[in-house]
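> 3D model of this:
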Amino acid sequence: QVQLVESGGGLVQAGDSLTLSCAASGRAFIDYGLGWFRQAPGNGREFVSAISWGGTRTTYADSVKGRFTISRDNAKKTVYLQMSSLKPEDTAVYYCAAARNGAGKARDRYDLWGQGTQVTVSS
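Numbers count the residues shown, from 1 in each chain. Predicted structure coming up:
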């Protein structure tokens with residue numbers, strides 16, 4: 001079974017860039033589609049981006065399209081979320097997740113979740 005650990009969060013200023021990483025353990029990493037979600041205080045967990053098991057298909061929430069880039073390195077068992085032009089409204093706990101049956105926008109597609117990493121964007 002795959003386990004996920006996020007890192008790379010922190011406090012940045014508006015307009016800055018930040019890259020999140022999610023390292024996976026387990027032999028079946030390549031079989032999983034992967035996604036990033038985020039949850040701001042008082043809000044539900046919302047979809048940010050997803051990538052297919054082979055890395056050839058990606059999808060983004062409209063709110064981050066053109067600013068965030070998802071990628072994965074199956075040899076390193078790691079998925080990344082490169083975030084640029086950050087805005088205060090991007091402030092949230094960011095979670096990576098793995099989907100055995102293919103990634104997508106719906107939370108219930110995902111079987112495994114990391115513990116989250118905090119991203120705070122000051123204005």
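> Please enumerate the strands of this structure.
Here the chain has its strands, by DSSP state E, at 3-7, 10-13, 18-25, 33-39, 46-51, 58-60, 68-73, 78-83, 92-99, 112-113, 117-122.
> Please list the outside residues in contact with the shortest one.
The set of residues external to strand 112-113 that reach it, using C-beta atoms under 8 Å, 6 or more residues apart in numbering, is 1-4, 32, 95-98. Where you see a C-beta, it was placed from the backbone N, CA and C, and this is true even at glycine.
> so for that strand, what's the average pLDDT?
In this model, strand 112-113 has an average pLDDT of 95.
> on that earlier part again, out of the strands of the chain, which is closest to residue 106?
Residue 106 lies closest to strand 46-51 among the strands of the chain, at 7.7 Å (C-beta to C-beta).
> buried sites along the closest one?
Using 16 or more other C-beta atoms under 10 Å as the test for burial, strand 46-51 gives 47-51.
> what are the pairing partners of that strand, and which direction each?
strand 33-39 (antiparallel), strand 58-60 (antiparallel) (DSSP bridges).
> count of residues packed around the residue lying closest to residue 39 once chain neighbours are set aside?
The spatially closest residue to residue 39, leaving aside those adjacent along the chain, is residue 45, at 4.3 Å (C-beta to C-beta, 6 or more residues apart in numbering). Neighbour count for residue 45, taken as other C-beta atoms under 10 Å: 16.
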